[in-house]
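Chemist: Got a predicted structure here, sequence first:
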Amino acid sequence: MSEIILAIDAMGGDYGPRNIVPAIKRALSVYGDLRFLVFGQENMVLPYLRASLLAADSRVVFKHRPNVVTNNLTPLEALRLRDSSSLYGAVSAVGGREASGVVSAGSTGALVTISDYVLGRIPGISRSALGKIIPSFDRSCPGTVFLDLGASLTQNREMILQNAVIGSIVARCFLNAPRPVLGILNVGSEGSKGPRYLQEAAACLRDADFCSFRGFAEGCDIFSGRFQVIVTDGFSGNIALKTAEGLYRGLVGKTGNRRNNLLLVPILHFFKRKIGIMQPDKYNGSTLLGLNGIVVKSHGSASQMAFMNAIIQARLQCVNRLPELIASQLTSM
């Protein structure tokens, strides 16, 4: 069994090593091929490694880094910390081929900037994009590739077209869709709707041979299964994704006093059964696509189970050699 080594930024997110280290332990108990390089502050991470009985585990190697990339740092300030930060150290492990992939719950902007700088982009890719396979309410549909989810806020025709190409490659490789049905997220399905750059992108995609362009998709289509790829800019994509996550948490979260909880049990059971596919923890982890390396961004407020699911995403992409797949598909398109 060949080993898969993942680099982990243990300081990222709202909970840092408190949730990340137990997630590593869970992942090790399930996948015998996993090994970890864990980057973080010694005084913060080692107590959790010891408590989880991982400090002396040969499958886990700890790498001390004195600095943390906090959310109040700009991406450029985070880049200037270089290898002294846990985030930069973890990404550099992939760049130096010590690890096959990296997982972080840290700042999205910093992760994108550092990953672009350290790993570089696949030839033909002008800017990386965050994407993930969104589950569908239609049980017969394996999911929809949705991107960009926040890597770039640039809004122009070229970015939409590039995301269409990347998304189609991911759908081809992971959804078994040789010519995926693709739509552009817009404020309406009518051909006349939306800003000029979306209109221009749609005109370019009508005759594309790498996808079956179905026109504009609306927000209600994201979970419908009607499209195998939905593309948008990072600004709109991030808002759409977080709206769905907020809706789920609002419907199935804590509902006040005990009496109210008892009255709402049948309703909550119905909602959980119907919208369980939207559960953020179960599908945690977006991939920074278009780079010469595997980078998975976990939600900042990820629970232990959610961070483990981000690790599982990274492992699956390592097994399937995702960057090489994208590069080879690009050359044949």
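Modeler: Received the coordinates, thanks. Numbering: from 1, shown residues only.

Chemist: mind listing the helices for the protein?
Modeler: 17-30, 42-51, 75-80, 86-95, 108-119, 157-174, 196-205, 234-252, 258-275, 304-319, 322-332 (DSSP state H).

Chemist: which other residues reach the first one?
Modeler: Outside helix 17-30, the residues within contact range by Cβ atoms under 8 Å, 6 or more residues apart in numbering are 8, 10-13, 34, 36, 38, 40, 44-45, 48-49, 51-54, 57, 59-60, 105, 302-308, 311-312, 315. For the C-beta atoms, the positions are set from N, CA and C on the backbone; glycine is no exception.

Chemist: Spit out the contact partners of the residue nearest the centre of the chain.
Modeler: Centroid-nearest residue in the chain: residue 286, 0.5 Å away (criterion: Cα atoms, centre = their mean). Counting by Cβ under 8 Å, 6+ apart, residue 286 makes contact with 130, 131, 132, 149, 150, 296, 297.

Chemist: Skipping adjacent residues, who's closest to the last one in space?
Modeler: When the adjacent residues along the chain are set aside, residue 297 lies closest to residue 286, with 4.9 Å between them (Cβ to Cβ, 6 or more residues apart in numbering).

Chemist: Point out where the stretch 51-200 of the chain drops to low pLDDT.
Modeler: By pLDDT under 70, the stretch 51-200 of the chain has no low-scoring segment.

Chemist: Can you report how many residues neighbour residue 132?
Modeler: 23 (other Cβ atoms under 10 Å).

Chemist: And for residue 82?
Modeler: Neighbour tally, residue 82, other Cβ under 10 Å: 14.

Chemist: PyMOL command for the buried members of the contacts of residue 286?
Modeler: In PyMOL, this line selects whichever of the contacts of residue 286 come out buried by 16 or more other Cβ atoms under 10 Å:
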select buried, resi 130+131+132+149+150+296+297
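
Chemist: Which of the contacts of residue 286 fall within strands?
Modeler: Applying DSSP state E to those, the entries found in strands are 130, 131, 132, 296, 297.

Chemist: Residue 189: which of the helices of the chain is closest?
Modeler: Residue 189 lies closest to helix 196-205 among the helices of the chain, at 11.2 Å (Cβ to Cβ).

Chemist: any idea of the angle the closest one forms with helix 234-252?
Modeler: 100 degrees (axes from the mean of the first three to the mean of the last three Cα atoms, to 10 degrees).

Chemist: on contacts alone, who are the packing partners of helix 196-205?
Modeler: helix 157-174, strand 181-185, strand 212-217 (3 or more Cβ pairs under 8 Å, 6 or more residues apart in numbering; DSSP states H and E).

Chemist: With distance to residue 86 and mean neighbour count as extra columns, can I get those in CSV?
Modeler: Formatted as CSV, those follow (distance: least, Cβ to Cβ, whole Å; neighbours: other Cβ atoms under 10 Å):
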stretch, distance to residue 86, mean neighbour count
helix 157-174, 28, 22
strand 181-185, 34, 24
strand 212-217, 38, 20
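
Chemist: Please render the ones you listed as JSON lines that adds distance to residue 72 to the earlier fields.
Modeler: Formatted as JSON lines, those follow (distance: least, Cβ to Cβ, whole Å):
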{"stretch": "helix 157-174", "distance to residue 72": "27"}
{"stretch": "strand 181-185", "distance to residue 72": "31"}
{"stretch": "strand 212-217", "distance to residue 72": "35"}
